[in-house]
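Asks: Sharing a model prediction with you, sequence too.
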Amino acid sequence: MPVERWSTAQIEALAPDASSLKGARGVSGATRWQEAGLLDEVLWGLCKVSGKNPYQVCVDLAGPAYRCSCPSRKFPCKHALGLLLYWSGGGSVEAPAPAFAAEWQASRAAKAAPARASGPADPAAARKRAQQRADRVAAGMAELRRWLDDQVQQGLAGAERAGHRPYETMAARLVDAQAPAAASAVRRLGGIAGIGPHWADRLLGELAMLRLLVAGHERLGALPPALAATVRSRIGFPVANQDVLATAEIRDLWQVLGQVDSEEGAITTRRTWLLGVGSGRFALLLSFAAPGQSLAAEVVPGTTVEAALCFYPGAAPLRALVKEQFGTPRPLTAPAAAVGLRTALAGWSRTLAAEPWRHDAPVLLADVVPGADGFIIDAAGESLPLAPGHREPWWLLAAAGGSPATVAGEWSPSGLRPLAAWVEGRYLPAPPPAPDGGAVRAPELPADLLAAALVGTARRPWTSAGVHVGDRTLTPAAPGTAPGGGSDAAAALLEAAATALTYRRSGVTPSSGHAPVEAAPAETGRPLPAAAGARLLRLLTEGGAPGGAQQAQELLAQWLTAAAEHGGFAPPESLPALLDAGRRNGAVRPAIGRIAGRRGTWLAGMRPDWRWLRDEAPGAAPPTDPEVWETGTGGERLAYLTRLRGTDPAAGLALLESTWRTETPEDRARFVSALGTGLSPDDDAFLDRALDDRRKGVREAALDLLRRLPGSSLCRRMAARSTAAVRLERRALVRDRLVVTPPAELTTELRRDGVGAQPAHGTGVQAWLLEEIIAGTPLTGWTEAFERSPAAVVGLARGHDWETPLLHGWAKAAIMQSDSAWAAALVGNDARGSATGLREAVRWDLHLLLPPADLARIAADFLRREDHLAHRLLAVHPGAWPDELAVAVVETIAHRVHADKHSWQLAELCRAAAMAMPPGYAAQVARLAERLDQQPADPSRVRPVAELARILTFRHEMLQELRPPS
């Protein structure tokens with residue numbers, strides 16, 4: 001039977017850390033794998049590296065288990081993960097198996113043979129050590145009982161002042177008594193006392209459950225064996241793996257629902273939850289890692305695996321070990337045995353009744369939808385709260401669009417913590433919790449109990465034989481002593497608190513009255529190609545793209561531009577990260593608006609800082625629907641006006657004029673910009689009136705269009721002012737000259753027409769006004785009036801007293817009017833050694849107007865002459881570099897690896913090339929990097945070249961996936 005390829009999410013879950021996953025993506029391309037193949041259930045490959053011999057990589061998919069000849073100490077290493085990603089992405093695995101893969105497969109089979117169990121070398125010594133430990137634990141638990149009683153006898157009110165030290169001291173004593181689990185529970189109390197709302201309620205509950213554990217240890221011999229095993233494990237008695245594996249196994253098809261990693265001091269713990277299809281049993285796999293170590297990954301989340309599990313003994317056995325796996329994991333597209341909320345809570349109640357010390361239990365919920373108030377609702381209309389950090393499940397809302405989904409999670413008194421969801425056959429792991437300012441957890445214990453504990457039983461003895469929880473009066477099941485004074489009263493209060501807490505937690509039921517969100521509208525377009533969508537998810541994941549954070553943002557911007565040109569909507573699960581990207585960077589908003597789809601607009605309406613999308617998304621309304629102008633979102637209205645201007649500019653202008661007075665300032669600015677479509681002299685009067693708008697953005701948008709509109713009233717006014725300020729004096733015997741009479745002051749009319757009030761640094765008021773007037777004048781007026789070319793007009797200003805404002809005014813006019821002929825004349829004049837230099841910002845903006853080929857020739861010449869301005873020219877070069885410039889840059893890189901005194905210069909050149917060099921040069925740069933790596937060169941000089949090759953390869957693949965449809 002062929003092995004089914006894993007999904008990217010399943011492979012990413014195996015990564016030991018983010019850096020390994022980032023490195024894996026760098027070696028997942030087809031060009032990095034010399035050969036790859038499948039030998040039964042072993043995936044193998046030869047990974048090309050800079051050295052002579054490729055790395056030999058093997059992955060046993062039935063494990064999973066890994067083997068790589070690289071020196072990395074991480075498991076799996078980036079090469080094993082990269083091979084899995086290559087295979088998951090459809091890479092060819094047809095090559096015949098080499099000897100190293102067959103040998104590793106044989107050695108795996110040999111190790112899997114069952115070994116003969118051997119007993120202890122000295123049974124008598126083992127029994128003696130066990131008895132000594134039991135005695136130490138008994139002494140420690142007796143001290144813990146006295147300490148717990150003292151806390152309640154003296155009163156919890158003082159705990160806020162005492163801080164965490166008393167708990168650390170008691171925990172250290174329990175560590176000495178060889179009760180590590182009980183010590184950890186006591187140490188955690190230091191993070192509760194005096195911290196957060198209702199801390200006393202939470203502290204008393206934890207103290208009560210510890211007192212119940214002490215009572216269980218005191219009666220250990222009389223307890224049922226399963227409950228006794230639970231008490232021993234909660235104290236910290238170890239259970240050997242071989243003892244667990246010797247118990248009866250349960251063979252089943254296990255669904256791997258999800259996993260969560262947590263930090264517990266210096267140790268990282270991974271909890272992986274499974275659910276058996278046939279048995280209906282949940283199972284918990286635990287793995288631990290010290291700092292610098294990788295967590296074991298026995299199973300892959302989002303898959304099913306046939307395996308035999310052995311469970312640790314206990315009253316509610318959940319923790320298990322994998323004894324043996326059969327076959328390879330397969331993707332889990334539709335989990336079995338999902339239930340409603342009420343049935344799931346019934347399972348939680350049974351678990352808590354058997355093991356009252358549990359803080360959480362797994363659930364698999366069917367057909368649930370998030371609400372708008374931090375609850376999740378099932379098909380019966382019943383609801384449960386989401387845990388803090390998960391109360392705004394944007395990931396689930398985006399992926400499911402408000403439709404019912406299957407959700408796996410952990411239920412606890414704090415609420416439901418989602419682990420994963422399945423939407424339309426796709427497995428979606430839940431993101432880590434995020435601070436959300438959710439609702440404060442309500443108290444769980446009766447007020448009279450808490451009041452007595454705060455004051456202390458020494459002052460207010462607990463004498464009640466029962467405890468009131470809601471409308472019920474409960475009697476502790478096994479009171480240790482009769483209620484009275486001193487420690488007897490403290491013990492009675494703690495036992496009553498344990499009874500009340502367990503009853504309340506196990507008796508929780510779903511609530512009602514919470515409405516699910518309204519489902520998102522159906523998409524009307526087509527999705528983006530699957531490969532492009534997967535790459536977008538990589539770009540939105542930290543470390544998912546080559547290079548640093550800056551390169552990742554630029555790659556995302558390039559991807560968005562190409563995707564908008566291609567057409568289609570992005571994967572729904574990418575929408576939260578996309579909306580956040582648009583919130584931070586306004587430049588990418590238009591492209592996001594074109595690919596977010598109707599679900600993106602729906603999602604953006606739920607969160608204020610995402611509502612910018614409603615002004616960018618064009619919507620799906622037909623362009624002939626006039627109701628859009630009355631009822632649509634800002635983005636839909638803008639798209640409608642733009643489409644109307646494209647077909648009937650006069651009708652578009654009339655429509656805008658009809659509602660102009662009622663539009664918001666933000667919409668007025670955006671709608672004025674839309675008049676750029678079909679701009680004509682008919683728009684002049686309206687735009688001129690817009691110069692009087694109170695909103696600066698409206699005035700600037702109108703100015704921009706009026707300057708672009710030939711013969712506009714603004715252009716005529718500015719031309720008249722320029723004619724009055726600058727005239728040509730023609731002389732017969734000597735060179736013609738300019739006669740300049742600059743304006744004397746900034747008038748209201750000048751200010752209305754866009755003349756700025758703040759002069760540039762070091763510029764006089766009259767010079768500044770002259771510069772601004774010339775900047776607003778059409779350049780064709782100068783060439784026509786003076787009957788000269790742009791270069792000749794510029795030549796008239798040389799050596800003139802007003803040369804600086806004249807040149808800067810023409811330069812700014814060339815920039816605003818995008819006139820390449822004037823830009824070339826001004827750049828050529830500025831390059832003369834004796835010329836009055838333009839301000840740097842103006843000069844570099846002029847370079848953007850030069851024909852790309854001309855600018856490329858200038859930059860290539862500067863590179864070959866090692867001019868320090870070459871890097872600046874590369875930075876301002878618009879768009880993709882032409883071949884001449886790309887070749888010059890590659891030659892310069894090859895030279896600078898050995899010649900540059902400072903490696904940062906080479907790194908800067910590579911960074912500039914990464915985003916602008918045509919991606920087709922990826923193979924050439926990769927060959928250069930490989931050749932340099934084999935030469936005696938400084939690694940700090942080779943590394944930027946290799947990074948450049950990776951980014952170019954990434955861009956090449958990215959753009960290939962978004963080729964425009966034929």
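Replies: Everything's here; your move.

Asks: so what's G381 up against?
Replies: S512 (Cβ atoms under 8 Å, 6 or more residues apart in numbering). The C-beta positions use only the backbone N, C-alpha and C, and glycine is treated the same way.

Asks: Give me the distance between it and L364.
Replies: To L364, G381 is 19 Å away according to Cβ to Cβ, to the nearest Å.

Asks: least trustworthy helix or strand in this structure by mean pLDDT?
Replies: Lowest on mean pLDDT, DSSP states H and E among the helices and strands of the chain sits helix 870-876, with a mean of 71.

Asks: buried sites along stretch 912-926?
Replies: Of all the residues in stretch 912-926, those buried under the rule 16 or more other Cβ atoms under 10 Å are 912-919, 921-922, 925-926.

Asks: An error on my part: the question was meant for stretch 632-642.
Replies: Quick answer for stretch 632-642 (16+ other Cβ under 10 Å): 632-642.

Asks: chain center to the least confident helix or strand of the chain: distance?
Replies: Distance, stretch centre to chain centre, for helix 870-876: 32 Å (Cα atoms, centre = their mean, to the nearest Å).

Asks: List the buried residues in it.
Replies: Buried-residue list, helix 870-876, by 16+ other Cβ under 10 Å: 870-874.

Asks: Kindly export stretch 40-53 (C-alpha atoms) in PDB.
Replies: What follows is stretch 40-53 as a C-alpha-only set of coordinates in PDB (Å, rounded to 0.1, in the frame of the first residue of the first chain):
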ATOM      1  CA  ASP A  40       8.900   0.500   2.400                       C
ATOM      2  CA  GLU A  41       8.200   3.000   5.300                       C
ATOM      3  CA  VAL A  42      11.600   4.600   5.300                       C
ATOM      4  CA  LEU A  43      12.000   7.900   3.500                       C
ATOM      5  CA  TRP A  44      15.600   8.600   2.500                       C
ATOM      6  CA  GLY A  45      17.500  11.300   0.700                       C
ATOM      7  CA  LEU A  46      21.000  12.700  -0.200                       C
ATOM      8  CA  CYS A  47      21.100  16.400   0.800                       C
ATOM      9  CA  LYS A  48      23.600  18.500  -1.200                       C
ATOM     10  CA  VAL A  49      25.900  20.600   1.000                       C
ATOM     11  CA  SER A  50      29.000  22.700   0.500                       C
ATOM     12  CA  GLY A  51      31.300  19.800   1.200                       C
ATOM     13  CA  LYS A  52      32.300  17.000  -1.100                       C
ATOM     14  CA  ASN A  53      29.900  14.400   0.200                       C
END
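
Asks: Identify each buried residue in it, please.
Replies: 41-49.

Asks: Poorly predicted segments of the stretch 701-850 of the chain, please.
Replies: Residues of the stretch 701-850 of the chain that meet the criterion pLDDT under 70 lie in 832-836.

Asks: Show me the helices in it, by range?
Replies: Along the stretch 701-850 of the chain, the stretches classed as helices by DSSP state H, counting those that start in this stretch are 713-725, 748-752, 765-775, 780-786, 790-796, 803-817, 820-830, 840-847.

Asks: Now those helices in JSON lines, please, with extra columns for mean neighbour count and distance to Q259.
Replies: Listed next are the helices of the stretch 701-850 of the chain as JSON lines, based on neighbours: other Cβ atoms under 10 Å; distance: least, Cβ to Cβ, whole Å:
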{"stretch": "helix 713-725", "mean neighbour count": "19", "distance to Q259": "64"}
{"stretch": "helix 748-752", "mean neighbour count": "13", "distance to Q259": "64"}
{"stretch": "helix 765-775", "mean neighbour count": "23", "distance to Q259": "62"}
{"stretch": "helix 780-786", "mean neighbour count": "16", "distance to Q259": "69"}
{"stretch": "helix 790-796", "mean neighbour count": "18", "distance to Q259": "68"}
{"stretch": "helix 803-817", "mean neighbour count": "23", "distance to Q259": "56"}
{"stretch": "helix 820-830", "mean neighbour count": "20", "distance to Q259": "59"}
{"stretch": "helix 840-847", "mean neighbour count": "16", "distance to Q259": "52"}
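
Asks: Just put those in CSV and tack on distance to W904.
Replies: Conversion of those to CSV gives the following (distance: least, Cβ to Cβ, whole Å):
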stretch, distance to W904
helix 713-725, 46
helix 748-752, 46
helix 765-775, 38
helix 780-786, 44
helix 790-796, 38
helix 803-817, 32
helix 820-830, 28
helix 840-847, 22
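
Asks: quick one, which of those is nearest to A130?
Replies: helix 840-847 (79.8 Å; Cβ to Cβ).

Asks: From the contact counts, what lies against that closest one?
Replies: Secondary-structure packing of helix 840-847 (3 or more Cβ pairs under 8 Å, 6 or more residues apart in numbering; DSSP states H and E): helix 803-817, helix 820-830, helix 870-876.

Asks: returning to that earlier point: who wins for proximity to A465 among the helices of the stretch 701-850 of the chain?
Replies: Going by Cβ to Cβ, the one of the helices of the stretch 701-850 of the chain nearest A465 is helix 840-847, 84.7 Å.

Asks: Report the separation between the two terminal residues of stretch 272-286.
Replies: 7 Å (Cα to Cα, to the nearest Å).

Asks: What lies in contact with that stretch?
Replies: Contacts for stretch 272-286 (Cβ under 8 Å, 6+ apart): 250, 252-259, 269-271, 287, 298-299, 301, 304, 309, 311, 318-322, 335-337, 361-362, 364, 408, 410, 419.

Asks: Buried ones among those residues?
Replies: 250, 252-259, 270-271, 287, 298-299, 301, 304, 309, 311, 318-322, 335, 361-362, 364, 408, 410, 419.

Asks: if we can go back for a sec, in JSON lines: the buried residues of stretch 632-642, plus distance to A856, secondary structure and pLDDT.
Replies: Below are the buried residues of stretch 632-642 laid out as JSON lines (distance: Cβ to Cβ, whole Å; DSSP: H, G, I helix; E, B strand; the rest coil; pLDDT from 0 to 100):
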{"residue": "G632", "distance to A856": "44", "secondary structure": "coil", "pLDDT": "82"}
{"residue": "T633", "distance to A856": "43", "secondary structure": "coil", "pLDDT": "79"}
{"residue": "G634", "distance to A856": "40", "secondary structure": "helix", "pLDDT": "81"}
{"residue": "G635", "distance to A856": "37", "secondary structure": "helix", "pLDDT": "80"}
{"residue": "E636", "distance to A856": "41", "secondary structure": "helix", "pLDDT": "81"}
{"residue": "R637", "distance to A856": "42", "secondary structure": "helix", "pLDDT": "87"}
{"residue": "L638", "distance to A856": "36", "secondary structure": "helix", "pLDDT": "87"}
{"residue": "A639", "distance to A856": "36", "secondary structure": "helix", "pLDDT": "84"}
{"residue": "Y640", "distance to A856": "41", "secondary structure": "helix", "pLDDT": "87"}
{"residue": "L641", "distance to A856": "38", "secondary structure": "helix", "pLDDT": "90"}
{"residue": "T642", "distance to A856": "34", "secondary structure": "helix", "pLDDT": "88"}
